[in-house]
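Engineer: Everything below, folded, please.
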Amino acid sequence: MAASWSMGPGTLEVPMSLFAKNRTRLAEKLKPGQIVVLQGGESIPHYDTDIEYVFRQEAYFTWLCGVREEGCFFALDVGTSKSYLFIPRLPAEYEVWMGKLHTCEDFKQMYAVDEVHYVDEIQKVLKGLNPDVLLTLSGPNTDSGLIAKEAVFEGIDEFKVDNEILFPIIAELRVIKTPEEIEVMRYVVKVSSDAHKQVMLFAKPGLMEYQCESIFLDHCYRVGGCRHVSYTCICGSGHNAATLHYGHAGAPNSKLIQPGDMCLFDMGGNYAGYAADITCSFPANGKFTPEQKLVYEAVLFARDAVIEAARPGVMWPDMHLVANRAMLEHLKKGGLLKGDVEDMIKAGINGVLQPHGLGHLLGLDVHDVGGYLTACPPRPPGPLARLRTARRLQPGMLLTIEPGCYFIPPLLNAAKNNPEQSKFFDWEVVDRFTGFGGVRIEDDVLITETGVENLTFVPRTVAEIEDFMANGANFK
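Structural biologist: Residues are numbered from 1 along each chain as shown. Down below sits the predicted model:
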């Protein structure tokens, strides 16, 4: 029976062959005599206590081997394609407190690797392979600005080590998903879509934002086996929906939902390390007001325009502008804006109403790697600098499409005091949106050979949302 990983009956079985295929893809880009060495994640205590955060494996390590346990190393011999897992040597008392002590043979069967040894044997084992060079991972994450942690073990200074060859190759491979990875993404996006639908049926005025968050977390874990979410849940209602990264420790989804509030809920489950990232916006009362409908449909038209236009070969910054034009045109028809749409973009009105980029790559990280690798188009200048990638779309890419429209007081105040921007707004109409918050629609999509496949399944049109919230329609 082929090795696989799941969270039990009813959850997806992820074949270990998924990770073996990734190793094969990587080996094909490298040369015999090279050995890839990655260090997995370590458990992290809560400050100076003996309580630890729930462990999540480092993403490059997951991509290569799928190993869940902390404190491990992994090596891939490029010349032979053999895989080597190195596990911590744990004391006998581990079994008393933490459960069964798995043997090296157990780990070999669980993860379908060629050999398993203890971490304290890594120097000896690698020496026996007589490598020309060890390839370690070191490179920048262009979203966080942080550097990937390079493998370090006792005795590594006895080897020739290169920390530049591996990073651009493995990061680029992560950008294009295999069919096996896409199936995991389908699963976690479907689970997250269903969880969002449960929240839409539950939410109403008089509840706390965090109570809605709890419904999402419950469904993802209880039904989908997602022990983790991919990022801190954003559950903004009313004016909080204009705070782009609401939900942090200083604003922990703690507002009472009021009648007339627009809800913007941005949440995604995580399964086997793979991330979903979905935003649903809907009226707390279940029925759109004219103002809510105007803004919502402007954002929906922006999403639809990108779904229609995106395909292999197009540039992501162009898709951002396609979305901007569609949204601004609809807001102009609704009387909130005036003037020529192209002139609005030149004046930066699109950045006033949507200060973030159209979306981002998606995979083992919610803001997945590969946005600005050396061989890719550089970060654009000016307003487009906020885009998380400027790449040309390719089949097998997974991205979010997430246009938004927000009424953010400091940005609107600055625009009102800027003659080059102020002239495009009907400020009497804008004033009606004081405290409105904002709308974001975020879908997880796959770039196919001919266009886009939307993996997200939630009510999206005004009619669908109102019907679903009123009747619990069987939306699939």
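Engineer: Give the residue farthest from the middle of this protein.
Structural biologist: Gly128 (39.7 Å; Cα atoms, centre = their mean).
Engineer: how close does that one get to Leu30?
Structural biologist: 20 Å (Cβ to Cβ, to the nearest Å). C-betas here are computed from N, CA, C, even on glycine.
Engineer: So what's the residue count around Cys233?
Structural biologist: Residues near Cys233, counting by other Cβ atoms under 10 Å, number 22.
Engineer: In contact with it: list those residues for me.
Structural biologist: Glu213, Phe216, Leu217, Gly247, Asn253, Phe265, Asp266, Met267 (Cβ atoms under 8 Å, 6 or more residues apart in numbering).
Engineer: hang on, Gly139 packs against Ala148?
Structural biologist: Yes - applying Cβ atoms under 8 Å, one finds Gly139 in contact with Ala148, separated by 5.4 Å.
Engineer: what is in contact with those two at once?
Structural biologist: Phe167.
Engineer: Now the phi/psi pair for Ser17, please.
Structural biologist: phi -60, psi -20 (degrees, to the nearest 10).
Engineer: Count the residues that sit near it.
Structural biologist: Around Ser17 there are 16 residues (other Cβ under 10 Å).
Engineer: residues in contact with it?
Structural biologist: Counted by Cβ under 8 Å, 6+ apart, Ser17 has contacts Ala2, Ala112, Glu180.
Engineer: that older thread, if I look at the residue farthest from the centre of the chain, how far off is His117?
Structural biologist: From Gly128 to His117 the distance is 10 Å (Cβ to Cβ).
Engineer: Also His360?
Structural biologist: Counting by Cβ to Cβ, the gap from His360 to His117 is 38 Å.
Engineer: So for the two, which sits in the more crowded spot?
Structural biologist: Relative neighbour count places His360 above the other of His360 and His117, with 22 against 19, counting by other Cβ under 10 Å.
Engineer: Let me see the domain layout of this protein.
Structural biologist: When the chain is parsed with automatic domain parsing, its domains come out as 4-175, 179-471.
Engineer: can I get the ones you listed in a markdown table with mean pLDDT?
Structural biologist: Below are the domains of the chain laid out as a markdown table (pLDDT from 0 to 100):
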| stretch | mean pLDDT |
| --- | --- |
| domain 4-175 | 97 |
| domain 179-471 | 98 |
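Engineer: Quick one: end-to-end length of stretch 434-451, please.
Structural biologist: With Cα to Cα, to the nearest Å as the measure, stretch 434-451 spans 38 Å from end to end.
Engineer: ok so, going back, so of the domains of the chain, which one's packed in deepest?
Structural biologist: domain 179-471 (a mean of 19; mean count of other Cβ atoms under 10 Å).
Engineer: what's the span of that one from first residue to last?
Structural biologist: So domain 179-471: terminal residues 36 Å apart, Cα to Cα.
Engineer: My read is that Gly359 contacts Ile401, right?
Structural biologist: Yes - with contact defined as Cβ under 8 Å, Gly359 reaches Ile401; the gap is 5.0 Å.
Engineer: Which neighbours do those two have in common?
Structural biologist: Counting by Cβ under 8 Å, 6+ apart, the residues touching both Gly359 and Ile401 are Glu442.
Engineer: before we move on, the earlier item: wait, what's in contact with the residue farthest from the centre of the chain?
Structural biologist: With Cβ under 8 Å, 6+ apart, Gly128 has no contacts at all.
Engineer: ok, it to Tyr84 distance?
Structural biologist: Counting by Cβ to Cβ - Gly128 and Tyr84 are separated by 10 Å.
Engineer: State the distance from Leu126 to Asn418.
Structural biologist: 61 Å.
Engineer: Nearest residue to the middle of this structure?
Structural biologist: Val366 (1.6 Å).
Engineer: quick revisit: rebuild the contacts of Ser17 as CSV, extending it with secondary structure.
Structural biologist: What follows is the contacts of Ser17, written out as CSV (DSSP: H, G, I helix; E, B strand; the rest coil):
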residue, secondary structure
Ala2, coil
Ala112, coil
Glu180, helix
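Engineer: want to throw these into TSV with distance to Ser237?
Structural biologist: Converted to TSV, these look like this (distance: Cβ to Cβ, whole Å):
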residue	distance to Ser237
Ala2	46
Ala112	46
Glu180	39
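Engineer: Of those, just say which sits nearest to His330.
Structural biologist: Glu180 (39.6 Å; Cβ to Cβ).
Engineer: The residue nearest to that closest one when sequence neighbours are not counted sits in which helix or strand?
Structural biologist: Excluding its sequence neighbours, the residue lying closest to Glu180 (Cβ to Cβ, 6 or more residues apart in numbering) is Leu18, at 4.0 Å. Assessed by DSSP states H and E, Leu18 sits inside helix 17-28.
Engineer: what do you get for Pro410?
Structural biologist: Residue-wise, Pro410 maps onto helix 409-416 under DSSP H and E.
Engineer: what's next to that helix, contact-wise?
Structural biologist: So helix 409-416 is contacted by Ala242, Ile349, Val352, Pro355, Gln421, Ser422, Phe425, Trp427, Val430 (Cβ under 8 Å, 6+ apart).
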